[in-house]
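Colleague: sequence first, then the predicted structure:
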Amino acid sequence: GDSVTQMEGPVTLSEEAFLTINCTYTATGYPSLFWYVQYPGEGLQLLLKATKADDKGSNKGFEATYRKETTSFHLEKGSVQVSDSAVYFCALSDLSYNTDKLIFGTGTRLQVFP
Amino acid sequence: SQTIHQWPATLVQPVGSPLSLECTVEGTSNPNLYWYRQAAGRGLQLLFYSVGIGQISSEVPQNLSASRPQDRQFILSSKKLLLSDSGFYLCAWSGGQRNQPQHFGDGTRLSIL
């Protein structure tokens, strides 16, 4: 079945460092891809999305490009801030059902220190 | 705009007691609704989803049940809680079409003593 694999965390960075969180997927067909962010004690917020190959989703300085050839959707940010500390989830739309169910990765915790 | 509300935000319950968590959505009609559980330091586990009033699909066998008595109301229940039911419970909604994102509530942290 379809699945999402994220890099193990935590990812620990100093403020203003470059961030990459890897996400690869396995899917039949052409799913949409999402990144969600979860701040401590809160629910998940949609960060960005891409619906087809070569699309780039971007928001709040974060970017991710839908790479069909490598089945990847890595999250990047050029200069992280302490306020970016959170758990990041990669997800894909499940095309095996006639619904909009999503399949989530296990999440990657990011810790940014001043 | 659409909003989603979950309550309570935190809950401490003894083993064997009943549970009722409520989720409501405003600003949209006929949403798909979801209940997830997130164990400490873990990913999301989809528990139930619903595409309409009275229509509930269960993803995993467990001690919990869900109901949708109204179009924008989704309730998670248990008759007798277990220690393993502890976790962070998240409700989400989506527009019902493929490839759409889901939108999450702020969650309920449930601790079983």
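Modeller: Sure thing, it's come through.

Colleague: which residues of chain B lie near chain A?
Modeller: Along chain B, the residues adjacent to chain A under the rule CB under 8 Å from any CB of the partner chain are B:6, B:32, B:34, B:42-44, B:46, B:49, B:51, B:90, B:92, B:94-107, B:109. Where C-beta positions appear, they are placed from N, C-alpha and C, glycine not excepted.

Colleague: run a quick neighbour tally on B:Ser67.
Modeller: Neighbourhood size, B:Ser67 [other CB atoms under 10 Å in any protein chain shown]: 16.

Colleague: filter the residues of chain B next to chain A to the buried ones?
Modeller: When neighbours are counted using 16 or more other CB atoms under 10 Å in any protein chain shown, these contain these buried positions: B:6, B:32, B:34, B:44, B:46, B:49, B:51, B:90, B:92, B:94, B:96, B:98-107, B:109.

Colleague: among those, which lie within strands?
Modeller: Using DSSP state E, B:6, B:32, B:34, B:44, B:46, B:49, B:51, B:90, B:92, B:94, B:103-104, B:109 are the members of those that sit in strands.

Colleague: which two of those have the greatest separation?
Modeller: With distance counted by CB to CB, no two of those lie farther apart than B:Val51 and B:Arg109, which are 27.6 Å apart.

Colleague: now residue 20. Nearest residue, chain neighbours left out?
Modeller: All of this is about chain A. Excluding its sequence neighbours, the residue lying closest to A:Thr20 (CB to CB, 6 or more residues apart in numbering or on different chains) is A:Glu76, at 5.3 Å.

Colleague: switch to chain B, please.
Modeller: Setting aside the residues directly before and after it, B:Ser20 is nearest to B:Ser77 in space (CB to CB, 6+ apart), at 5.3 Å.

Colleague: do you know how far that neighbour is from A:Glu63?
Modeller: With distances defined as CB to CB, to the nearest Å, the gap from B:Ser77 to A:Glu63 amounts to 41 Å.
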